[in-house]
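Enquirer: here is a sequence together with a model predicted from it:
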Amino acid sequence: MSTEASGYLQQFKQAEYTGKNRCTPCTVVNVLIAAVGGGAVGVAVSVPGGAAVFALSLVAIYFRGYLVPGTPTLTKRYFPDWVLARFDKLEDERPEVADEEREPEAVLADAGAVEPCEGVDDLCLDESFADEWYDHMDAIREGGTEKSDLSDVLDLDEGELSFDEHDDALVARYDGGRLGQWESRAALIADLAAAKALEGRYADWGRLSVTNRSRVLSGLRIFLETCPDCGGDITMEQDTVESCCRTMDVVAVSCADCDARILEVEHDQ
Ligand SMILES: [Zn+2]
């Protein structure tokens, strides 16, 4: 298919249930329904008729994400959560989780970014690291330098980099493709500033994989005390969010003033 024709067809896809939002269990269930339906028509009417029904059903599943209306909701309700959780994991799977991945806590401790809290059995931000981190955040926010900083960090051409802001995510694109996403602009500012601060404090920073670095950076966001975007207070609450296949309980860290989502961590019931 030419890219133009494929682009033309793509607009008919229901974004809510296709592409990265496609629910694999629903798709499997619907393909089975299509096969049974096509088979029944094949037996009762004619084999070409059955094949046509099956083919049309697959087209519908491709574009709509489902054949039988309501299956996304039904699978969510009736499939056991552990099955759905496995599909979520498969779809989230990241390519380069290498053996040499380092635990975020270990990296942050070695960098002197966090240290044992005084009097409480927990980790706290090191004061000098916190100062540096917040200084970098202020500079990025005031200068509006997210794009140039991100291209520096990832060693990419700034001209090819763009941001797409949605209600619940900030998506970075590079050369037309999807590069990565953050919960909000606030989360991006926190990560960029932390990357600058860690680079000078952790000798192997540049040698960690991009995935590993991003795990360290998002782990650090839990220590934020004010919003990187508006300076408001940070709140932590339990929330329920929808993924492709199911609803999950998460601990959500957000800004009380501008509502920016800073971090979202799934927690087991
Ligand atoms: Zn805020």
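Expert: Received, thanks.
Enquirer: per-residue confidence averaged over the helix or strand containing residue 150?
Expert: Using DSSP states H and E, residue 150 maps to helix 146-154. For helix 146-154, mean pLDDT rounds to 92.
Enquirer: buried stuff in it?
Expert: Buried residues in helix 146-154, defined by neighbour count with 16 or more other CB atoms under 10 Å: 146, 149-151, 153. (Each C-beta comes from the backbone N, C-alpha and C, glycine too.)
Enquirer: right, and the helix or strand after that helix?
Expert: Following the chain from helix 146-154 toward its C-terminal end, the next helix or strand by DSSP H and E is strand 161-165.
Enquirer: list the buried residues for the helix or strand following that next one?
Expert: Remark: after strand 161-165, the chain's next helix or strand is strand 170-174, criterion DSSP H and E. Within strand 170-174, the residues that qualify as buried by neighbour count (16+ other CB under 10 Å) are 170, 172, 174.
Enquirer: for strand 170-174, which helices and strands make contact with it?
Expert: Packed against strand 170-174 by the contact rule (3 or more CB pairs under 8 Å, 6 or more residues apart in numbering; DSSP states H and E) you find strand 161-165, strand 177-182, helix 185-199.
Enquirer: for this structure, give me the ranges with low pLDDT.
Expert: Scanning the chain with the threshold set as pLDDT under 70 gives 1-16, 18-21, 70-79, 83, 86-99, 243-246, 268-269.
Enquirer: ok, longest helix in it?
Expert: Among all segments of the chain classified by DSSP state H, the helix with the greatest residue count is helix 24-44.
Enquirer: and the next helix or strand past the host helix or strand of residue 218?
Expert: Residue 218 is located in helix 210-220, with elements delineated by DSSP H and E. Following helix 210-220 in sequence order, the next helix or strand is strand 234-242 (DSSP H and E).
Enquirer: near the ion, which residues of the stretch 151-269 of the chain?
Expert: 227, 229-230, 232, 255, 257-258, 260 (CB under 5 Å from the ion).
Enquirer: tell me the residues of the stretch 1-150 of the chain that contact the ion?
Expert: Counting by CB under 5 Å from the ion, no residue of the stretch 1-150 of the chain sits close to the ion.
Enquirer: and the strands in the stretch 1-150 of the chain?
Expert: With DSSP state E, counting those that start in this stretch applied, the stretch 1-150 of the chain shows strands at 114-116, 123-125, listed in chain order.
Enquirer: before we move on, back to that, which of the residues of the stretch 151-269 of the chain next to the ion tops the neighbour count?
Expert: Across these, neighbour numbers were computed from other CB atoms under 10 Å; residue 227 holds the maximum, 25 neighbours.
Enquirer: now that residue, nearest residue through space, not along the chain?
Expert: The shortest distance from residue 227 to any residue other than its chain neighbours is 3.7 Å, reached at residue 255 (CB to CB, 6 or more residues apart in numbering).
Enquirer: sweet, I'm off.
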